[in-house]
Structures are given as C-alpha cells and as structure tokens.
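1. The amino acid sequence is not available; the structure is as follows:
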C-alpha cells in the first residue's frame, strides 16, 4: 500500500522534468526512512547528474542506513561519472529499492542490487511508469520513433479548399494546443510542398532547451528555390532537410540547418536516419501525401485529428485516405471552442522496422 | 423579474408534452394570482382540449378575477370547440396575459386581447420559447420542414467498406441515441437502396402515439422486388413510399403503407408532398447520395454526424461530399463510448422553397 503511495509521489516528481530530459527518461525519486520522506527530486536536465546520485549525496550515511528508494525508472548501472547510481545505492546503506519500470535498454541494476542482498521490488505502478516514458520505451523496444500523425480536417475529411484563398482550418485554441503538443515530440516531419505553401515556424510554445527538430522531406530539392522560408532562417530550433538532391549540401545554410543525404527516399530510409540520430518520437504534420505514406506502411502509432465542423465539399482537397484500414483505441475527445480534437492509439498490429538488439 | 420566473415555469410545463402534441406546438401555461400559482399544466395530446381552456375551466370566476396567465405560445384565437382560448380568457376575468412567442401562423389573439383592455406582454423568454417549438416555427415561417441530415462516418468520411461484410459503424450508445433522436422529427427519409441493403426498422425508442413516418424515396420502384422489408410490414409506424413507378400503387400493402406518386422525382417535389402533409420536420438518414442531394440544394438546416474513430481507407465508400461548402454553428460535441456525436446548425443563407402566405 505504502509502496504505491510513494511510487505515486515519485511519478509526480518525475513529471516535473518533462520537456527537459531530452533523450533521457524522466525520472523521479523518493527516499523514505521510518515512513518519512527524507529526500525527493526529479531528473531536471539532459546530461546533469542523475537524480538518484544527487539525492544520495544530499544525505549522510546514518540517514541512508536502512532507507528505501522509490524510483519510477530502473537506476543506471554503468554510465555515470563517479560511479553509477546502482554503485552509489549499494554503497549507501539503502536496503530496499522499489522500481516502477525496468530500463528497456537492458540495465543490470536489478540483478546487481539483488546480488548485494538489497531487497528489490519491480513493477509497482508499472503501467503508469511506462506511460510516463512512453516514447522512450517505444523507441528502445521497437527500434524506431513513436509516430503520431496529426491531421486537421473538415467534417468531409478535406484539408483545405483548392482554387480559393487558403481557409484557416484551425481556430486559435487549436493552434495553441498544437504548439503545446509539439513539445512532446523530438522531431516534427513535414513535406517540402507543405512547408513551401504555408511557411510554418513549426515551433513549440513550451519553454525547453530541446525544441522538436523540424525535419523537412525534400527528395527533389525544391527548397533550393525557397531558401527564405522561416524554418531555414529562424534558428529557434534545428531544421533537418532529408533529400536526394545533393545541391542542397552546397548551400550555405545557417548552423541550425543540417542536410541529410538519402539514396532511396523511402520512409524506411527516413526512419533509419532518425533512428541513427536517436529520435525517439515523431509528429507528422503533413501534407496528406506524407501522412498517407506513413499510414499505408503501418508506421503510425497514434493519430490526432483536429476537426473543423464545416463541409468543404467538392472544392476541397482530401485528407489522407490510407490503403489499409486503421482502427483506433483509447479515444480522447476534446472541444476547443468550435473545433474538436479526436485522439487515439492505432490498434496493433502495425509493421515495425527491426528493433535494435544492441545499444 | 417575476414574468421571467413564471415564464420559465411555463416552459418547463410545456416540455412535458414533448412527443405527444404532434402537429400542435408544445404549450405550457401557468395562472398566477397575488403572486401565487393557482393553476398550471401543459398541452398533452394532439387534438385534446387546449391547456388554457382546461386551466380556466378548473377555476371559478372569483379565482380568475385579476389573475395573470403565462404561456410560452400565443393562445389560439379561432379554432377550439366551445370558443377559442382567446374567447375564454376574455370572459374569464384574467386581466394580464404574458406570452413567450406569437403564433407563426398568424393568430389574432394579441390584438383581440388588447381590444378588450387586457394587459398583454409578448416576447418574455422568447428565444427559449421559440427554441422549444423550433420545428413548428420553422415549418410555418419557411414553408418546408426543418431538415436535419444525420450521418455516420469514419474519420476519413467513409460510411462503410465496399467488398467486405458490412461493418457496424454505430456502437450501442450511438444506436440508442439515434433511436431517441428520431422522436424529435415527424418524418424520416431514406433512399430505397439503403433500405434494401440494411432493412432498418427506423423506429424511435420514445413512447409516442406519433412515431416518425418512414418516407422511402424509391423513384424507380425497386421495392416491388423487396416487399418483405421490415418497414413495409411491421405496422409500428406509418411508411410512405414516394415513387414514379405506378406499379407500386397496385401492391396490396398493409394499411400503414401509403404510396405517393411523383412526376419529377426532384427534392422540390418531395418537399411539396411533405409540406402538403404538414410534415414539420425531417430526419435524413441516408444513403450518401440522398444526403448529398439535400446538401447540394441547400436544403439542410442542421447536421448530426456520428463519427467512429477508424479509417476505412481506400476500401471505404465515401460519405456525402456536397457541391457547395457548408459551415456549421452552435456546435455540440458528445462522446458516446468510443464514438463521437458532432451536431451543428447550418449557417444561412440556404435556399428555402417559397413560404406559404396563407394557412
């Protein structure tokens, strides 16, 4: 009972580090002795000392003797300077460690703690713990980023009207929501024609040192003639161009822009490049043909559909109609003034690229 | 202040008669004297004595002397046996009448009451009063039924999948909602191909003596070969067939079935037939081509869209894509388990057929 209570507090600590831990999981930790919390905290920035190390350092050995550590995520066993968190726990006098979820990268923390006769409980509030690091877990378990396709549609599934001034589908409440939502992803992906047409900033409104990277798919090199676009100039987040046109490599872009060479231009190659850069999560922002490709290949884990309650009718340009059916679960519906947000997880099976076996 | 309070009570009385007054408006009435309610009630069945007459009859002349009558709907001035409600009010001793909305058919009640020096207030909570009899008002003001198009779609605006067993789009909560919703309309309209394919009952779950009439559009007479359909046999609600195929007239259908001859088969003709039968409200249940016709001709006042959060993809059959854009307002969103109901009123202008000038 108390295990759940303290794990819940560890989860609440962990979430305070959201948006700041970048490629590391978010982690909260609580040290309890005689049913009193004697230290608590969260991992609060990428590359800083691990929270478990910091908490142990803040206490003396008398305090730590016989204490219990609660953490939503298995302690590190090998990577920290000055000893891993596991080493520090073993030396500390802590005699019980309660863990929400194990490290999907395969830590040896649990077995090393057990070796030293430290009492270890694993899987307390595991579902909640895994949800907290959903994208991190997904990446290491499936070998590709967690992929969410975002759409903005009319009721008749049109994304805009042809032959007319571009209709603004999103009301301000939706725009705010999207700007928040982007911060949950490590990269945004968008087709070059959509970037050229709309010239979006693709930024998040969340304050973070790690705004999502703006990945532009530009196989043919259309950006060569559109070098004034916001994402290529604003320096507010990294911009990556994935292209088969090597002339883009010769352009003297600002430092936030990187050009990646593709040879096949397939989504598989796109995901290989993202995997190599350890991008754990991807927010697909369009246009419809890019979204359709992800859907057709079964490379969608979640869908967020912003619906404007109008019918464009026959002048509309259709949203993506996938070649296969997709069924959603865990549906969440929100109204945002007169627009509607419908989100859900894609029911499996979907095709994954090969998972990494080593890291 | 008190006027609003008593009118609010009259509206609450009125709604108790919902589903029972059929072609009459729903009406609630309150008689107040010395700030005490001395009688209250609602119109509770089509063709029965009017509620105002009944309330006045229940009181003696001492009670009525100097009393105030509150009613959401202008009293009748000419049609009741034993004198109109207006006549009875004039004789009763009531010296003030507070009215929510005037009769769109053009009553002379107000001017007759004023002639007799009775104090009359019109338009108290008028918006709410008009909403209560929205379809009735619409019919007499626009000369055609209020038309709601109901759709059930996937997220990619498909109504079903071709080449596969018919997928049930509606979950049980949606089905219940539709069965309730039908009771708000005097007729349901549906194309013969949809009836033949799905064989629906098209009934309401609301107990009422006036279930919506099931209107089947069957220009060519396809029902000749499908005489076993539920709606043609179950006798639980009237069924009207609108057709150009006169062979249908020769079929010995049960008594609940009527066959109407059409000469042009246009929606204009459909609405003329419905208007002649004084059908005040119409619930368009499909299929997509019937719905598209209503939308294309601007003959839609409200849309109810039940969305199942799946993508049918390319195997899907598209829902209606109108030839013109439609914009909605007064959006209401509800979740029904894992399905979503999106309802809204079509923004004007839409084309109306000519309003009647006399009734």
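-> That came in fine, so what should we check first? Remember, predicted model here, so these are calculated numbers, not experimental data.
2. CA atoms for contacts and neighbours, from now on please.
-> OK.
3. quick one: strands adjacent to the longest strand anywhere in chain A?
-> Longest strand in chain A, counting residues (DSSP state E): strand A:326-336. Looking at strand A:326-336 with DSSP bridges, its partner strands are strand A:339-346 (antiparallel), strand B:310-311 (antiparallel).
4. and among the ones you listed, the most buried is which?
-> When you average the neighbours per residue for each of the strands paired with strand A:326-336 (mean count of other Cα atoms under 10 Å in any protein chain shown), strand B:310-311 leads with a mean of 23.
5. how about the residues of chain A that lie near chain B?
-> A:155-157, A:309-315, A:319-331, A:333, A:335, A:338, A:340, A:342, A:344 (Cα under 8 Å from any Cα of the partner chain).
6. In CSV, list the strands paired with strand A:326-336 along with distance to residue A:179 and mean pLDDT.
-> Converted to CSV, these look like this (distance: least, Cα to Cα, whole Å; pLDDT from 0 to 100):
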stretch, distance to residue A:179, mean pLDDT
strand A:339-346, 14, 96
strand B:310-311, 25, 94
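7. Residue B:274: which of the ones you listed is closest?
-> Closest to residue B:274 of the strands paired with strand A:326-336, according to Cα to Cα: strand A:339-346, at 34.6 Å.
8. Buried residues, the helix or strand of chain A with the lowest mean pLDDT. List them.
-> Least confident helix or strand of chain A, by mean pLDDT, DSSP states H and E, is strand A:158-161 with a mean of 87. Residues A:158-161 are the ones in strand A:158-161 that count as buried (16 or more other Cα atoms under 10 Å in any protein chain shown).
9. As a check, name the ranges of all helices in the stretch 101-250 of chain A.
-> Remark: helices assigned in the stretch 101-250 of chain A by DSSP state H, counting those that start in this stretch are A:109-115, A:126-132, A:134-142, A:172-181, A:192-198, A:230-233.
10. May I see those organised as CSV, with mean neighbour count and mean pLDDT added?
-> As requested, these are exported to CSV (neighbours: other Cα atoms under 10 Å in any protein chain shown; pLDDT from 0 to 100):
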stretch, mean neighbour count, mean pLDDT
helix A:109-115, 17, 95
helix A:126-132, 18, 97
helix A:134-142, 20, 97
helix A:172-181, 16, 95
helix A:192-198, 17, 93
helix A:230-233, 21, 97
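11. element containing the residue in chain A sticking out farthest from the centre?
-> Within chain A, the residue lying farthest from the chain centre (Cα atoms, centre = their mean) is residue A:62, at 40.0 Å. If you go by DSSP states H and E, residue A:62 is part of helix A:61-64.
12. from the middle of its chain, how far away would that helix be?
-> When C-alpha coordinates are averaged (Cα atoms, centre = their mean, to the nearest Å), helix A:61-64 and its chain have centres 37 Å apart.
13. what's the answer for stretch A:154-164, then?
-> Taking mean C-alpha positions (Cα atoms, centre = their mean), stretch A:154-164 and its chain are 30 Å apart.
14. what's it in contact with?
-> The contact list for stretch A:154-164 (Cα atoms under 8 Å, 6 or more residues apart in numbering or on different chains) reads A:152-153, A:166-167, A:169, A:288, A:307-313, A:315-319, B:155-157, B:319-321.
15. got the contact list for the strand or helix carrying residue A:55?
-> Counting by DSSP H and E, the element that carries residue A:55 is helix A:51-57. Helix A:51-57 is touched from outside by A:27-29, A:31, A:39-44, A:64, A:75, A:84-85, A:88-89, A:92, with contacts defined as Cα under 8 Å, 6+ apart.
16. same question, stretch A:112-127
-> A:3-4, A:7-8, A:72, A:86, A:90, A:94-102, A:110.
17. Among the residues you listed, name the ones in strands.
-> A:72, A:96-101.
18. Most neighbours of all the residues you listed, which one?
-> Highest neighbour count within the ones in strands among the contacts of stretch A:112-127, by other Cα atoms under 10 Å in any protein chain shown: residue A:72, with 34 neighbours.
19. Excluding residues flanking it in the chain, which one is nearest it?
-> residue A:100 (4.1 Å; Cα to Cα, 6 or more residues apart in numbering or on different chains).
20. measure the one you found to chain B for me?
-> Relative to chain B, residue A:100 is positioned 30 Å away (Cα to the nearest Cα, to the nearest Å).
21. before we move on, what about residue A:76?
-> 40 Å.
22. burial count for residue A:277?
-> Other residues within reach of residue A:277, judged by other Cα under 10 Å, total 9.
23. ignore the last one, residue A:250
-> Neighbour count of residue A:250, defined by other Cα under 10 Å: 9.
24. Report the contact partners of it.
-> So residue A:250 contacts nothing (Cα under 8 Å, 6+ apart).
25. any idea how far chain B is from it?
-> When residue A:250 is compared with chain B (using Cα to the nearest Cα), they lie 41 Å apart.
26. Next: residue A:62.
-> Taking Cα to the nearest Cα, one finds residue A:62 at 54 Å from chain B.
27. Need the per-residue pLDDT for that residue.
-> pLDDT, residue A:62: 96.
28. Equivalent analysis for residue A:69, please.
-> 98.
29. roughly how far apart are residue A:8 and residue A:16?
-> Remark: distance between residue A:8 and residue A:16 (Cα to Cα, to the nearest Å) = 13 Å.
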